[in-house]
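Q: sequence first, then the predicted structure:
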Amino acid sequence: MLNRIKLLIPFPLIFGFLFMVFIWNISLPDNFQEAAIGDFGRGVAELETEFSDSFAGIGVEAQSYLVFDFFGRIIAFRESDLQWPLASLAKLMTALLVEENIGKEAVIPVSRRAILAEGDEGFLIGENFYRDDLRDVMLLHSSNDAAYALAEYFGWDEFIKLMNQKAASLGMAKTFFFNPAGLDFSKTAAGAYGSAGDLMILLKYLMENHPQVLEATRRGFLEIESLEGIKHRFANTNRLIYDIPQFLAGKTGFTDIAGGNLAVMADIGVNQPVGIIVLGSSENGRFEDVLKLYRATGQWFQNHKL
C-alpha cells in the first residue's frame with residue numbers, strides 16, 4: 001500500500017520540497033549526493049538515470065560540478081559536496097554583504113593595502129569611488145583591489161567575521177572565508193573554501209533577493225570614474241558572455257591552489273533559468289566545462305519537454 005502511495009506522488013513535488021529546504025536555510029548534509037539519494041531515493045535515482053544520456057561522456061575536467069534550476073531540480077552533479085578552494089567565487093559573498101551592509105551612496109577610498117593586493121587595476125592610492133562602482137569592478141573584472149577596499153571600508157576583521165556568519169546562517173556548512181577576495185595565503189593555504197552545493201545556496205539567495213548585484217557581470221566592459229575624475233576601463237574575465245545566448249550572470253575564479261572555478265546562470269529556454277557551477281578545473285578548461293554542461297542541460301530539457 002505504501003509503495004502505491006509513493007507512486008502517486010509526482011516528482012515535481014519532491015523536488016519542490018528540496019527547493020524549500022534550501023530556501024529555509026537548512027544546511028546541506030556532509031555528503032550531499034548520498035543524502036539526496038537516501039532521502040529522496042527513488043526520485044533522484046530516476047532523475048540521474050534520465051540525465052545520464054545527456055551528460056554521459058561529455059568530458060568535464062572539473063573535480064566538482066553542479067547543475068540546477070530555480071524550481072528545485074538538481075539536474076546533474078559530480079562531487080557536489082566536495083570542499084574546494086573557492087578563489088574569486090568568494091567575491092559573491094563579498095558582494096552580497098556589501099549590498100546588505102554598506103549604503104548605496106557610500107564613498108569608498110582605495111588604500112595602499114588594497115592596491116598591494118594581487119593584480120593591478122590601475123587604481124591610485126586615495127582614489128574614491130561609489131560603492132556600486134567598486135562592487136561591479138570586483139565582480140566583472142574580479143578585482144582584488146576593489147574587494148579589499150570594500151572590506152576595509154566596513155572594517156576588515158568584522159567583514160570577514162560577517163562573511164562566515166552569513167554563510168552559516170544560509171546553511172553553507174562547508175564554506176569558510178579568510179579574506180574577501182579568495183586569494184591564496186601560500187602555496188598550500190587558500191583564502192576561502194566551499195562546495196558547489198553551498199554555492200548553489202548563495203546564488204539562489206542572490207538571484208532571489210538581490211538580482212541587481214550581478215547585473216554588471218553580463219557586460220563585456222565597464223568604465224567607472226572616481227570622485228577625483230579619473231576614468232578606469234575594465235574587461236569582463238568571463239568569456240562565456242559571448243558564447244551563451246541567454247547569459248544572466250556569472251563569476252570567474254582562479255588561483256594556483258583552486259585551479260579554474262566558474263559559476264554561471266543562464267536561461268535554457270523561455271523563463272527557464274539554470275545555474276552551473278564548476279570547481280577544480282583549469283584556467284581555460286572551466287569555460288569549456290560550463291559550455292559542455294550548458295549544452296547537455298539544454299538537451300536534457302528538450303528530451304523531457306520541461
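A: Looks like it came in fine.
Q: helices or strands up against the lengthiest helix in the chain?
A: For the chain, the longest helix by residue count, based on DSSP state H, is helix 285-304. Under the contact definition 3 or more Cβ pairs under 8 Å, 6 or more residues apart in numbering; DSSP states H and E, helix 285-304 sits against helix 41-55, strand 64-69, strand 74-78, strand 259-267, strand 273-281. Where you see a C-beta, it was placed from the backbone N, CA and C, and this is true even at glycine.
Q: ranking the ones you listed by mean pLDDT, which is last?
A: Among the helices and strands packed on helix 285-304, helix 41-55 has the lowest mean pLDDT, at a mean of 47.
Q: isn't G253 right up against A181?
A: No - in this structure, G253 is not within contact of A181 by Cβ atoms under 8 Å, at 9.8 Å.
Q: who has more neighbours, those two?
A: Comparing G253 with A181 by neighbour count (other Cβ atoms under 10 Å), the higher total belongs to A181, at 30 against 26.
Q: separation between the more buried one and A90?
A: For A181, the distance to A90 equals 6 Å [Cβ to Cβ, to the nearest Å].
Q: so what sits against both of the two?
A: Common contacts of A181 and A90, defined by Cβ atoms under 8 Å, 6 or more residues apart in numbering, comprise G191.
Q: could I get the full set of helices for the stretch 1-150 of the chain?
A: Counting by DSSP state H, counting those that start in this stretch, the stretch 1-150 of the chain has helices at residues 2-8, 11-23, 32-39, 41-55, 91-101, 112-115, 131-140, 144-154.
Q: typed the wrong thing, it's the stretch 151-300 of the chain
A: 156-170, 196-209, 285-304.
Q: residues near Q299, how many?
A: 16.
Q: then F247?
A: So F247, with other Cβ under 10 Å, has 18 neighbours.
Q: for L66, see how far away it is.
A: Where L66 is concerned, F247 sits at a distance of 18 Å (Cβ to Cβ).
Q: also F177?
A: 20 Å.
Q: quick one, which of the two is more surrounded?
A: L66 (28 against 24).
Q: report the central residue of the protein.
A: For the chain, the residue sitting closest to the mean C-alpha position, by Cα atoms, centre = their mean, is A263 at 4.5 Å.
Q: beta-bridge partners for the nearest residue to H141 once chain neighbours are set aside, please?
A: Spatially, and ignoring its direct neighbours in sequence, H141 is nearest to F234 (3.9 Å; Cβ to Cβ, 6 or more residues apart in numbering). The partner list for F234 in beta bridges (DSSP bridges) reads L222.
Q: what residues are up against F234?
A: Counting by Cβ under 8 Å, 6+ apart, F234 has contacts 121, 137, 140-141, 143, 221-224.
Q: same question for E283.
A: 254, 259-260 are the contacts of E283 under Cβ under 8 Å, 6+ apart.
Q: how far out from the middle of the chain is stretch 79-96?
A: Chain-centre distance of stretch 79-96: 6 Å, with Cα atoms, centre = their mean, to the nearest Å.
Q: quick check: buried residues in it?
A: Buried residues in stretch 79-96, counted by 16 or more other Cβ atoms under 10 Å: 79-96.
Q: for that stretch, list the C-alpha coordinates in PDB.
A: What follows is stretch 79-96, C-alpha atoms only, in PDB (Å, rounded to 0.1, in the frame of the first residue of the first chain):
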ATOM      1  CA  GLU A  79      31.100  15.500  -6.000                       C
ATOM      2  CA  SER A  80      28.900  18.500  -5.300                       C
ATOM      3  CA  ASP A  81      29.600  18.300  -1.600                       C
ATOM      4  CA  LEU A  82      33.400  18.300  -2.100                       C
ATOM      5  CA  GLN A  83      35.000  21.200  -0.100                       C
ATOM      6  CA  TRP A  84      37.300  23.100  -2.500                       C
ATOM      7  CA  PRO A  85      39.200  26.400  -2.600                       C
ATOM      8  CA  LEU A  86      36.800  29.000  -4.000                       C
ATOM      9  CA  ALA A  87      39.300  31.500  -5.400                       C
ATOM     10  CA  SER A  88      37.400  34.600  -6.600                       C
ATOM     11  CA  LEU A  89      34.000  32.900  -6.200                       C
ATOM     12  CA  ALA A  90      34.400  34.200  -2.700                       C
ATOM     13  CA  LYS A  91      33.600  37.600  -4.100                       C
ATOM     14  CA  LEU A  92      30.000  36.600  -4.500                       C
ATOM     15  CA  MET A  93      29.700  36.600  -0.700                       C
ATOM     16  CA  THR A  94      31.600  39.900  -0.500                       C
ATOM     17  CA  ALA A  95      29.200  41.500  -3.000                       C
ATOM     18  CA  LEU A  96      26.200  40.200  -1.000                       C
END
